[in-house]
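Enquirer: build the 3D model from these lines:
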Amino acid sequence: MSTAAINCDIKNFELADLGKKRIEWANQSMKVLQIIRKEFIKNQPLKGIRISACLHITAETANLGICLRDGGAEVVLCASNPLSTQDDVAASLVRDHSIPVFAIKGEDNDTYYNHIVAAIDHKPHITMDDGADLVTILHTKRTDALEGVIGGTEETTTGVIRLRAMAKEGVLKFPIVAVNDADTKHLFDNRYGTGQSTIDGIIRATNFLLAGSKFVVAGYGWCGRGLASRARGCGAEVIITEVDPTKALEAVMDGFRVMSMNEAAKLGDVFCTVTGNKSVLTKDHFALMKDGAIISNSGHFNVEIDIPALESMSSSKRTTRNFVDEYSLKDGRKINLLGEGRLINLAAAEGHPASVMDMSFADQSLSVDYMVKNAKKLEPKVYKVPDELDKRVARLKLESMSIKIDKLTPEQEEYLAGWSEGT
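Expert: Numbering: from 1, shown residues only. The predicted structure is shown next:
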């Protein structure tokens, strides 16, 4: 199929050669997805299934799209964040793999949502989301396309929260598998992936020396745990802010300083929000920050930092480096906002390493297969990834790393299943 025959909206087809190499490089580290892709090619479990996927358009996502396509699906991709698209990858997906893509890095808000609508025009049977924007548009502005949808998957914490709220209110129209809640996703992708890629994004954007700095992490969920660990590994003094007393206590016992954001705002050199909530850094906090403070976000949406409040406090704004906007406050201090407050790990860096996305996207592909086979039996609710699929991904990952583990003996299985044998 020629590229002229494929409906798409990307930046430049001339970038495709670089994107092809990037996709191939990522594939080398995605051993589990390779195994699933071979099974899909043989069995064609997704034959005739239309999939609209609203995900970060990266080399890792490209390999997921290719896997689904090779399983028989008709796949269309759009971006789940205006700054997360790798334009060369988008070009290669269209040119080399005949997968329609609607995504351009830096697209404005209207274009972002127009691209989601274009993906919905594919009339999907299955949706794949990273933040639930596609599902939300389906349930609000494009209800005409709901009839053919049999189910979907959700990749991230923010999206799962939104979808559970929809299910609770009784407005969710089809079942969703919460891929984010799989152990092989959030224990690895959220912790190790977000931790490493966020540090990568902050350093690429600023070239700031973390050693000896005070690094404030807002939120101590799995993403916050990973980020805090890696910031400490870079030599920073890490401060945690939290609203959950249990997580705050855990952070204390993990060896971090814990305090309110009002206290932390006076101390921090670098701030990063990873809460999944809004207004985590506000006008009150900006008023307390040091001159030259760096603020960033690695939660899903750009609402964690109150950017309008920062703009209202500023006399001027200028871009000093790629993905660094310097706000000059009226009192003379300067605050540096990274990546427009969007995901800094994808805005300024390349997102999670392929090896960790291997597990997340193995979960995604197997969950799509599960949904196709079981959608008629499922209610319009949010479901967890079946344990057997989750464990299979873990086993395959270990095998790909040439790691063998022990198995329970029959005696041990009997002991764990019984109650009569005590001390």
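Enquirer: which residues does Ile41 contact?
Expert: Contacts for Ile41 (C-beta atoms under 8 Å, 6 or more residues apart in numbering) come out as 70-71. All C-beta atoms are positioned from the backbone trio N, CA, C, and that covers glycine.
Enquirer: any idea how far it lies from Met359?
Expert: 20 Å (C-beta to C-beta, to the nearest Å).
Enquirer: again with Thr184
Expert: Computed as C-beta to C-beta, the Thr184 to Met359 distance reads 5 Å.
Enquirer: helices and strands around the longest strand along the chain, which ones?
Expert: Assignment by DSSP state E gives strand 314-321 as the longest strand of the chain. Helices and strands touching strand 314-321, by 3 or more C-beta pairs under 8 Å, 6 or more residues apart in numbering; DSSP states H and E, are strand 324-329.
Enquirer: report the angle between the axes of the strand it packs on and strand 314-321?
Expert: 160 degrees (axes from the mean of the first three to the mean of the last three C-alpha atoms, to 10 degrees).
Enquirer: all numbers from here: first residue = 663
Expert: OK, 663 is where the count begins now, so the last one is strand 986-991.
Enquirer: number of residues surrounding the residue lying closest to Ser691 once chain neighbours are set aside?
Expert: Residue nearest to Ser691 in three dimensions, not counting chain neighbours: Ala1016, with 3.9 Å by C-beta to C-beta, 6 or more residues apart in numbering. Ala1016 has 24 neighbouring residues, counting by other C-beta atoms under 10 Å.
Enquirer: Gly994 belongs to a strand?
Expert: No: looking at Gly994 with DSSP: H, G, I helix; E, B strand; the rest coil, it is coil, so not inside a strand.
Enquirer: separation between the closest residue to it other than its chain neighbours and Leu943?
Expert: Closest residue to Gly994 apart from its sequence neighbours, by C-beta to C-beta, 6+ apart: Asp953 at 7.5 Å. The gap separating Asp953 from Leu943 is 16 Å, by C-beta to C-beta.
Enquirer: pick out whichever of these two has more residues nearby.
Expert: For Asp953 versus Leu943, the count of surrounding residues by other C-beta under 10 Å is larger for Leu943: 29 against 10.
Enquirer: look up phi and psi at the residue nearest to the more buried one when sequence neighbours are not counted.
Expert: Excluding the flanking residues, the one nearest Leu943 by C-beta to C-beta, 6+ apart is Ile967, at 4.6 Å. With angles defined as degrees, to the nearest 10, Ile967 sits at phi -110, psi 130.
Enquirer: what's near enough to touch Ile967?
Expert: 935, 942-943, 957, 959, 999, 1003 are the contacts of Ile967 under C-beta under 8 Å, 6+ apart.
Enquirer: re earlier: so which bits of the longest strand of the chain are buried?
Expert: For strand 976-983, a neighbour-count test (16 or more other C-beta atoms under 10 Å) marks Ser976 as buried.
Enquirer: which of the residues in stretch 921-930 are buried?
Expert: 921, 923, 926-927, 929-930.
Enquirer: show me how far that stretch is from its chain's centre.
Expert: 27 Å (C-alpha atoms, centre = their mean, to the nearest Å).
Enquirer: do stretch 912-923 as well
Expert: Its chain's C-alpha centre and that of stretch 912-923 lie 25 Å apart, by C-alpha atoms, centre = their mean.
Enquirer: average pLDDT across it?
Expert: Averaged over stretch 912-923, pLDDT sits at 98.
Enquirer: mind listing what's buried in it?
Expert: Within stretch 912-923, the residues that count as buried by 16+ other C-beta under 10 Å are 912-913, 918-921, 923.
Enquirer: same check on stretch 1030-1047?
Expert: Of all the residues in stretch 1030-1047, those buried under the rule 16+ other C-beta under 10 Å are 1030-1034, 1037, 1040, 1044-1047.
Enquirer: in strands, which of the residues you listed appear?
Expert: Using DSSP E, the buried residues of stretch 1030-1047 in strands are 1044-1046.
Enquirer: Asp758 is in contact with Phe675, correct?
Expert: No: with contact defined as C-beta atoms under 8 Å, Phe675 does not reach Asp758; the gap is 10.5 Å.
Enquirer: state which helix of this protein is the longest.
Expert: helix 1016-1036 (DSSP state H).
Enquirer: what does the pLDDT read for Met663?
Expert: Model confidence at Met663, expressed as pLDDT, equals 43.
Enquirer: try the one 3 residues further on
Expert: Looking at Ala666, its pLDDT reads 59.
Enquirer: as JSON lines, the buried residues of stretch 1030-1047 with pLDDT would be great.
Expert: Below are those laid out as JSON lines (pLDDT from 0 to 100):
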{"residue": "Val1030", "pLDDT": "98"}
{"residue": "Asp1031", "pLDDT": "98"}
{"residue": "Tyr1032", "pLDDT": "98"}
{"residue": "Met1033", "pLDDT": "97"}
{"residue": "Val1034", "pLDDT": "97"}
{"residue": "Ala1037", "pLDDT": "93"}
{"residue": "Leu1040", "pLDDT": "96"}
{"residue": "Val1044", "pLDDT": "98"}
{"residue": "Tyr1045", "pLDDT": "97"}
{"residue": "Lys1046", "pLDDT": "96"}
{"residue": "Val1047", "pLDDT": "97"}
